[in-house]
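A.B. asks: No sequence on hand, only this structure:
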């Protein structure tokens with residue numbers, strides 16, 4: 001006998017709002033880091049060499065502030081384009097700079113969320129139930145996602161945040177399936 005629970009549905013709009021919130025949070029943290037670097041690593045005299053972090057701040061600060069403005073004040077179309085571009089271009093967790101170093105990534109059974117904890121004290125919690133309701137069409141796909149959640153939560157989180165779960169499931173992976 002199977003007990004079937006109806007999980008709350010997550011709409012495409014709710015998924016977009018989660019992604020937009022994530023993008024804004026990441027960009028705001030990066031902006032704050034750039035401002036800090038611009039002040040901390042500014043040359044003290046004209047003869048000083050320019051520090052790489054100071055140059056990064058000069059190079060990226062205006063663009064990051066523009067992206068934050070678009071996410072906050074842009075039209076729906078502009079916001080969707082900004083989120084899509086950010087999600088496609090974001091760095092992999094192994095390559096995250098010191099501003100957002102991942103301290104831990106684990107599945108919390110009590111909340112049914114994969115939680116990422118960062119060195120700056122922030123946390124991102126991904127509702128696994130909402131993700132399954134959005135992308136899993138069969139019990140096999142749900143099982144595949146469950147395998148990732150328990151065995152590779154960091155890879156799971158990365159795929160969800162980049163919007164790559166549907167592509168992963170389309171590959172027909174077979175973790176945990178019994179051999180004949």
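C.D. replies: All right, it came through fine. Everything quoted here is computed from the prediction, not taken from an experiment.
A.B. asks: Just the strands from this structure, written as ranges.
C.D. replies: Read by DSSP state E, the chain holds these strands, from start to end of the chain: 102-108, 113-118, 123-127.
A.B. asks: could I get the ones you listed as JSON lines with distance to residue 53?
C.D. replies: No exception for glycine: its C-beta is placed from N, CA and C like everyone else's. Rendered in JSON lines, the data for the strands of the chain read as follows (distance: least, CB to CB, whole Å):
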{"stretch": "strand 102-108", "distance to residue 53": "20"}
{"stretch": "strand 113-118", "distance to residue 53": "19"}
{"stretch": "strand 123-127", "distance to residue 53": "24"}
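A.B. asks: Can you say which of those strands is nearest to residue 11?
C.D. replies: Proximity to residue 11, assessed across the strands of the chain by CB to CB, is greatest for strand 123-127 (13.2 Å).
A.B. asks: which helices and strands does that closest one pack with?
C.D. replies: If contacts are counted by 3 or more CB pairs under 8 Å, 6 or more residues apart in numbering; DSSP states H and E, strand 123-127 sits against strand 113-118, helix 153-162.
A.B. asks: So which residues make contact with it?
C.D. replies: With contact meaning CB atoms under 8 Å, 6 or more residues apart in numbering, strand 123-127 is reached by 10, 22, 25, 108, 111-118, 156-157, 160-161.
A.B. asks: Contact partners for the residue located most distally from the centre of the chain?
C.D. replies: Among the residues of the chain, the one whose C-alpha is farthest from the average of all C-alpha positions is residue 47, by CA atoms, centre = their mean at 40.6 Å. The contact partners of residue 47, by CB under 8 Å, 6+ apart, come to none.
A.B. asks: again, but for the one 4 residues further on
C.D. replies: Applying CB under 8 Å, 6+ apart, we find residue 51 in contact with 37, 41, 43.
A.B. asks: longest helix of this protein?
C.D. replies: For the chain, the helix that runs over the most residues, judged by DSSP state H, is helix 12-40.
A.B. asks: From residue 40, how far out is the spatially most central residue of the chain?
C.D. replies: Closest to where the C-alpha atoms of the chain average out (CA atoms, centre = their mean) is residue 161, at 3.7 Å. Distance check for residue 161 against residue 40: by CB to CB, to the nearest Å, it reads 29 Å.
A.B. asks: sorry, back to before: show me which positions of the longest helix of the chain end up buried.
C.D. replies: Within helix 12-40, the residues that qualify as buried are 15, 18-20, 22-24, 26-27, 30-31, 33-34, 37-38, counting by 16 or more other CB atoms under 10 Å.
A.B. asks: what's the nearest residue to residue 70 if we skip its chain neighbours?
C.D. replies: In space, not counting the residues next to it along the chain, residue 70 is nearest to residue 82; the distance is 4.7 Å by CB to CB, 6 or more residues apart in numbering.
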